[in-house]
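S.K.: okay, here's the prediction I keep looking at, along with the sequence it came from:
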Amino acid sequence: MSRKKTVKGKGTSKSPTASPNKSKDSGKSGKGIGAGAPSNGLVYPSRPSLSNSREFYDITFKVMLVGDSGVGKTCLLVRFKDGAFLAGSFISTVGIDFRNKVLNIDALKVKLQIWDTAGQERFRSVTHAYYRDAHALLLLYDVTNKASFDNIKAWLTEIHEYAQQDVVLMLLGNKADVAHERVVKREEGEKLAKVFGVPFMETSAKSGLNVELAFTAVAKELKHRSMKEPDDPKFQLQDYVNKEMKSAGCCHS
Ligand SMILES: Nc1nc2c(ncn2[C@@H]2O[C@H](COP(=O)(O)OP(=O)(O)OP(=O)(O)O)[C@@H](O)[C@H]2O)c(=O)[nH]1
Ligand SMILES: [Mg+2]
């Protein structure tokens, strides 16, 4: 049985609009949400970012973590935000929560507002309300849980129904650190991703494998799209991910 986490702060009840210009990146869940965001959610501040301060950003995007309960969405976010792994008993997310993190992407400060959704069926209607404001979705399954992999098609149907048409999407096979209990091969994940035309990689919130890369790749894609000049070549998310994994000596053919 999983213990339930009480819903924290403002992250639950407010709509997922972006922070006002030059808001502080408190990094804390439930902070940084404010009124007055443009409808597309992007924020361009009126003055340039201060390069040495984490409090400032040039552009912000909303990223949502989705997938079955227990696949590791919260752990992935905590690993990315705090560099730690939430070991021990599983505390299932109630409703929705978020964290902010500012990344340096090609000399630009990109703030990701990352929404951690509850995978449990009973919270699905809450999640639906947040899809339309998401610029990117990280869709997770658990490589040790076949049902979570089989449910990916249903998640994609839901995404097509509720999310923006041009949402950046990436499929992540999480818990890649667990060798003995693995039931979904990396090749199966790759194949499914290919069928649906989405970038894919395996991650581990426990070891940290590809966690930074997943968020950075999405941030790069979003930044590239929003700053794109007409003659710029298209940023290829999967190519970028493959190249980065290769140079890190990681597990990709
Ligand atoms: N070995 C291993 N365990 C993990 C990993 N990620 C998460 N877990 C474990 O899986 C369980 C579920 O993780 P959560 O991050 O809470 O799952 P969730 O997707 O947020 O679940 P909901 O909030 O119910 O939607 C916890 O017991 C974690 O410790 C991972 O990469 N490797
Ligand atoms: Mg969770």
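M.R.: Thanks, I have the structure now. Ligands and ions are numbered 1, 2, ... in the order given.

S.K.: you'd agree residue 99 is in a strand?
M.R.: Yes: the assignment for residue 99 (DSSP: H, G, I helix; E, B strand; the rest coil) places it in a strand.

S.K.: ok, it - how many residues close by?
M.R.: Neighbours of residue 99 under the rule other CB atoms under 10 Å: 24. No exception for glycine: its C-beta is placed from N, CA and C like everyone else's.

S.K.: repeat that for residue 120.
M.R.: Neighbours of residue 120 using other CB under 10 Å come to 17.

S.K.: and it, backbone torsions?
M.R.: phi -60, psi 140 (degrees, to the nearest 10).

S.K.: can we start the residue count at 38 from this point?
M.R.: With the count now opening at 38, the last piece we talked about shows up as residue 157.

S.K.: so how far is ligand 2 from residue 191?
M.R.: Going from residue 191 to ligand 2 by CB to the ion, to the nearest Å gives 18 Å.

S.K.: low pLDDT regions in the stretch 88-237 of the chain?
M.R.: 88-92 (pLDDT under 70).

S.K.: could you redo the last one with a cut-off of 90?
M.R.: Filtered on pLDDT under 90, the stretch 88-237 of the chain yields the residue ranges 88-93, 123-126, 143-144.

S.K.: contacts for the host helix or strand of residue 251?
M.R.: Secondary-structure assignment from DSSP states H and E places residue 251 in helix 248-264. Residues outside helix 248-264 that contact it (CB atoms under 8 Å, 6 or more residues apart in numbering) are 79, 96, 98, 100, 113, 116-117, 138, 140, 142-143, 145, 147, 149, 151, 172-173, 175, 205, 207, 209, 236, 238, 240-242, 269, 272, 274, 277-278, 281-282, 285.

S.K.: mind running it again at 7 Å?
M.R.: 79, 96, 98, 100, 113, 116-117, 140, 142-143, 145, 147, 149, 172-173, 175, 205, 207, 209, 238, 240, 242, 272, 274, 277-278, 281 (CB atoms under 7 Å, 6 or more residues apart in numbering).

S.K.: what about the closest residue to residue 233 other than its chain neighbours, which helix or strand?
M.R.: Nearest non-adjacent residue to residue 233, counting by CB to CB, 6 or more residues apart in numbering: residue 193, 5.9 Å away. Under the criterion of DSSP H and E, residue 193 resides in helix 189-199.
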